[in-house]
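*Asks:* prediction below, plus the sequence it came from.
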Amino acid sequence: MNESNSPDTLPRPQKTQGQIVATQARRSHKIGWIIVIVVVLSLAAGVGGMKLYTMLFPASSTLTGRSTSGTDGNQIITQEEEDVAGVVSKVSPSVVSVVTKSQGSSFYGTAEEEGAGTGIIVGKDGYVMTNKHVVDGATTVGVVLADGTSYDTVKVLGSDPLNDVAFLKIPDVSNLPVAELGDSTSVRVGQKVIAIGNSLGQYQNTVTSGIISGTGRPVSAQSGDSVETLTDLIQTDAAINPGNSGGPLLNLQGQVVGINTAIAEDAQGIGFAIPISATKGILKGVLENNTVKRAYLGINYIPITAVVAKEYNLSVKKGAYVFSGNNKTAVASGSPAAEAGIKDKDIITKVGAIEVGDRGSVASLVAEYAPGDTIELTLLRDGKTMTVRVTLAAYSN
């Protein structure tokens, strides 16, 4: 993701590997009549069954009650089971099912469509975070809590203009259980994670587990006829099924490290989650004043890889190379970056204390902050390290 005065979408000029095309994990279906064909078993099958039973259990045999000998293996709890069960017990009350209705089309004309996704309670007064694609185009949005309590008139407060995140508000509630948000910048490949979601729109708070398979993944995610390009995603092999969109990806402390958003249809065990840290800046404004605003820096950049470093003869192999191209200037006029003195061909190596690269891109790291926050950026310019302070503005379309 690349910063500019418009969405961060400066293409990389070098050749890259093909981007994964995934399907966003939202469940939808048209409401209609379902014809059920009932197959009636013949009496002969029952008779055959009785003959087989008498062969296996002759008259002299007696059936007894449940055996009490030996050890019930189900009661032997391993440390891993205890860890998973503890996370589920802690977080499940904060996971909700999101149900939507929208107008679609069918062979016979307009039809009402139902959709299902998942959400995370992030504010005790009814604030819920979910995926943007879960609620896009919905005429009505409802929320079902883990205890079965349902709310039919849920308000969509708004969505992140550059990411697949939306915020909802359940009216007239208080003291809801809030999920604890973790730090996605420090997640590790191989780390154990747990996903909870409304699988297939039928199995509320389904629990799956796996590991983090990779970080910083770019994905083109498809939902219906629309395709959205997402970057910096966490890859996991924890099962993410249709209906899981918007649900939490959790570490073993029960902290949310990602928002489950997409699955690779042509693969097994490849799912993706939005890093939770990239939502914290917007969430701050949501909780403080009900506004959905993203922090804005105002640069175009190329994420530095070994290939980019070689092509542009750069002295480092990770960071963000501020670069003009695709009919966009390197630094937008009047932007926070321009006011801070950032220039074309600067290399941003840190946002605050966090290195740009494996722990996140500039766009994701800046998204941890709210408009009006002042941050420190570390730059390389003409081979020299320097720092600048930037006061972030609010992004506008």
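*Replies:* Looks like it came in fine.

*Asks:* pretty sure residue 185 is touching residue 277, no?
*Replies:* Yes - in terms of CB atoms under 8 Å, residue 185 counts as a neighbour of residue 277; the distance is 5.4 Å. No exception for glycine: its C-beta is placed from N, CA and C like everyone else's.

*Asks:* which of the two has more neighbours?
*Replies:* Using other CB atoms under 10 Å, the more surrounded residue of residue 185 and residue 277 is residue 277, with 24 against 20.

*Asks:* need the contact list for the more buried one.
*Replies:* 183, 184, 185, 360, 364, 365, 367, 368 (CB atoms under 8 Å, 6 or more residues apart in numbering).

*Asks:* about what we covered before: overlap in contacts, residue 185 and residue 277.
*Replies:* With CB under 8 Å, 6+ apart as the test, residue 185 and residue 277 both reach 360, 365.

*Asks:* still on that earlier bit, what two of the contacts of residue 277 are the furthest from one another?
*Replies:* Comparing every pair within the contacts of residue 277 by CB to CB identifies 183 and 367 as the most remote, at 13.6 Å.

*Asks:* the two: who's more crowded?
*Replies:* Using other CB under 10 Å as the criterion, residue 183 and residue 367 rank with residue 367 on top: 30 against 16.

*Asks:* ok, back up a step: show me which of the contacts of residue 277 is closest to residue 191.
*Replies:* Distances from residue 191 to those, taken by CB to CB, are shortest for residue 184, at 11.0 Å.

*Asks:* which residues does the closest residue to the closest one other than its chain neighbours bridge with?
*Replies:* Using CB to CB, 6 or more residues apart in numbering and skipping residues adjacent in sequence, the residue nearest residue 184 is residue 275, 3.6 Å away. Beta bridges link residue 275 to residue 258, judged by DSSP bridges.

*Asks:* tally up the residues packed near the closest residue to residue 335 other than its chain neighbours, please.
*Replies:* Among residues not flanking residue 335 along the chain, residue 298 sits closest, at 2.4 Å (CB to CB, 6+ apart). Counted with other CB under 10 Å, the neighbours of residue 298 add up to 24.

*Asks:* ok, residue 298 to residue 165 distance?
*Replies:* To residue 165, residue 298 is 21 Å away according to CB to CB, to the nearest Å.

*Asks:* now the strands for the stretch 1-150 of the chain?
*Replies:* 20-24, 27-30, 95-106, 109-123, 127-130, 140-144, 150-151 (DSSP state E, counting those that start in this stretch).

*Asks:* adding mean pLDDT, write the ones you listed out as CSV.
*Replies:* Output for the strands of the stretch 1-150 of the chain, formatted as CSV (pLDDT from 0 to 100):
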stretch, mean pLDDT
strand 20-24, 69
strand 27-30, 59
strand 95-106, 88
strand 109-123, 90
strand 127-130, 98
strand 140-144, 97
strand 150-151, 96
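
*Asks:* quick one, which of those strands is nearest to residue 335?
*Replies:* Across the strands of the stretch 1-150 of the chain, closest to residue 335 is strand 127-130 (CB to CB), at 27.7 Å.
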